[in-house]
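*Asks:* okay, structure incoming, though there's no sequence with it:
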Ligand SMILES: Cc1cc2nc3c(=O)[nH]c(=O)nc-3n(C[C@H](O)[C@H](O)[C@H](O)COP(=O)(O)OP(=O)(O)OC[C@H]3O[C@@H](n4cnc5c(N)ncnc54)[C@H](O)[C@@H]3O)c2cc1C
Ligand code: FES
Ligand code: FES
């Protein structure tokens, strides 16, 4: 259980970090809470780790242009307790306490979880639900990728080997919105077997905006577009949330594994979507 | 080899480490502080929990090179001379341990947990210790120890 040898550097600017990553087989080290276990089990080995912790500009949460902008190296525990996140991105604030245990969140970063892209992880799902934008820096400059194009497969994203994620921007929903996270895990702090995140914004009794995203149901988190279109534009009082939840899971084909069968994930997933929607609508003030 | 300067239990130290050496191994093998225990070595069991810059973290999921400049506290730094810390006393009084292998990790986690949650509910206690595994006690004594420690710490302040 000891990692293979590697070279280590801890640059203090993004430019130096990108330069250090240009070497073959170099890898970003963020909080290390996913990378170090993989290295300890010798599932991964690298010639060089580039630690981003000493780059001050990569940490912190700010309100910018109608979004909550979170530096990639912001610790999950710091985002969890940041009033800017609680106020501007309540869904993210609700998702964060479900990420591992507090000792993990003390080291693990928001950007690290998003780049690691575990199919059962909460933060990639929150990014997808909120239509977040991921900012990526590389040798040729900065590019911005929408969450819908970011997650390509299990632990596979749009980030290239020589690039780093610098920040994630979560759009702020207006007044009248409500959010909820529901997940089923064996124990609190374990990765979820299946989970759902929902957001609604209600204007004068009508759903003006909605988002339903699920995790643990495939190789990447998914948005449930058909179910969302049953919500948006409808009056709240007339909604059949059970039918919306069934629509959310209709096209899913979740995997069987030792934790649960695909059929079980679908059944539980539908129940979680319904529960999350009810809670989100209640929070939006139109129960 | 990298030179790492850090404070451990209030003492300034300089150690030489290979980048791949975890902070847990550095504490045990370079600083001769073997109170920090290692079991799973991949972040799951919590036995290696220590405090780094005031936060509870897994010392098996951190390389010693990352701790350059850090203020580290291990189980050895908790007692005040011969006087055990209230969390240590509570584990003893409530039979919060049997073989004792998991205990340093639990005590460090619980100490930090009670700093942020001084008056925890039963649910909060179970959540607070969910990152630490114990194969002996069945957790009942540990939960009681957390309650006793909370009461004692609240009485003190
Ligand atoms: C016991 C345990 C339980 C856990 N439970 C959960 C859980 O329930 N839910 C959950 O979501 N997660 C869970 N995790 C994982 C945890 O959230 C990790 O913190 C997270 O997955 C990775 O973040 P990190 O900062 O530690 O990244 P690292 O481990 O340092 O890096 C992860 C990967 O992302 C890359 N990377 C990181 N940051 C960047 C960046 N800025 N730019 C480019 N590449 C980057 C790294 O190169 C690496 O490939 C758990 C971990 C443990 C040990
Ligand atoms: S030894 Fe570090 S968590 Fe198990
Ligand atoms: S007392 Fe033996 S593992 Fe906890």
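*Replies:* Right, received. Where do you want to start? Quantities reported herein were computed from a predicted structural model and do not represent experimental measurements. Ligands and ions are numbered 1, 2, ... in the order given.

*Asks:* report pLDDT for residue A:258.
*Replies:* With respect to pLDDT, residue A:258 scores 89.

*Asks:* repeat that for the one 5 residues further on.
*Replies:* Residue A:263 is assigned 95 on the pLDDT scale.

*Asks:* swap in residue B:157?
*Replies:* 57.

*Asks:* dihedrals phi and psi, residue A:107?
*Replies:* Taking degrees, to the nearest 10, you get phi -110, psi -40 for the backbone angles of residue A:107.

*Asks:* so residue A:196 makes contact with residue A:211?
*Replies:* No: if you go by Cβ atoms under 8 Å, residue A:196 and residue A:211 don't touch, sitting 10.7 Å apart. All C-beta spots, glycine's among them, are computed from the backbone N, C-alpha and C.

*Asks:* between these two, tell me which one has more neighbours.
*Replies:* Taking neighbours as other Cβ atoms under 10 Å in any protein chain shown, residue A:196 and residue A:211 compare with residue A:196 leading, 32 against 25.

*Asks:* please identify which helix or strand holds the more buried one.
*Replies:* Residue A:196 is located in strand A:194-203, with elements delineated by DSSP states H and E.

*Asks:* which other helices and strands does whatever helix or strand comes next after that strand contact?
*Replies:* Sequence-wise, the next helix or strand downstream of strand A:194-203 (DSSP H and E) is strand A:206-215. Packing partners of strand A:206-215 (3 or more Cβ pairs under 8 Å, 6 or more residues apart in numbering or on different chains; DSSP states H and E): helix A:122-129, strand A:194-203, strand A:222-223, helix A:225-231, helix A:241-250, helix A:262-283.

*Asks:* partners of residue A:49 in the sheet?
*Replies:* Beta-bridge pairing for residue A:49 (DSSP bridges): residue A:8, residue A:27.

*Asks:* residues contacting it?
*Replies:* A:6-9, A:26-29, B:19 (Cβ atoms under 8 Å, 6 or more residues apart in numbering or on different chains).

*Asks:* hmm, try it at 6 Å
*Replies:* Contacts for residue A:49 (Cβ atoms under 6 Å, 6 or more residues apart in numbering or on different chains) come out as A:6, A:8, A:27, A:29.

*Asks:* with residue A:62 instead?
*Replies:* Shown in contact with residue A:62 (Cβ under 6 Å, 6+ apart): residue A:69.

*Asks:* give me that answer again for 7 Å
*Replies:* A:69, A:84 (Cβ atoms under 7 Å, 6 or more residues apart in numbering or on different chains).

*Asks:* how about the secondary structure of the nearest residue to residue A:153 once chain neighbours are set aside?
*Replies:* Distances taken as Cβ to Cβ, 6 or more residues apart in numbering or on different chains put residue A:219 closest to residue A:153, at 5.0 Å, once the chain neighbours are dropped. The local conformation at residue A:219, judged by DSSP: H, G, I helix; E, B strand; the rest coil, is coil.

*Asks:* number of nearby residues for residue A:219?
*Replies:* Every residue meeting other Cβ under 10 Å relative to residue A:219 is counted, giving 14.

*Asks:* against residue A:15, how distant is it?
*Replies:* 34 Å (Cβ to Cβ, to the nearest Å).
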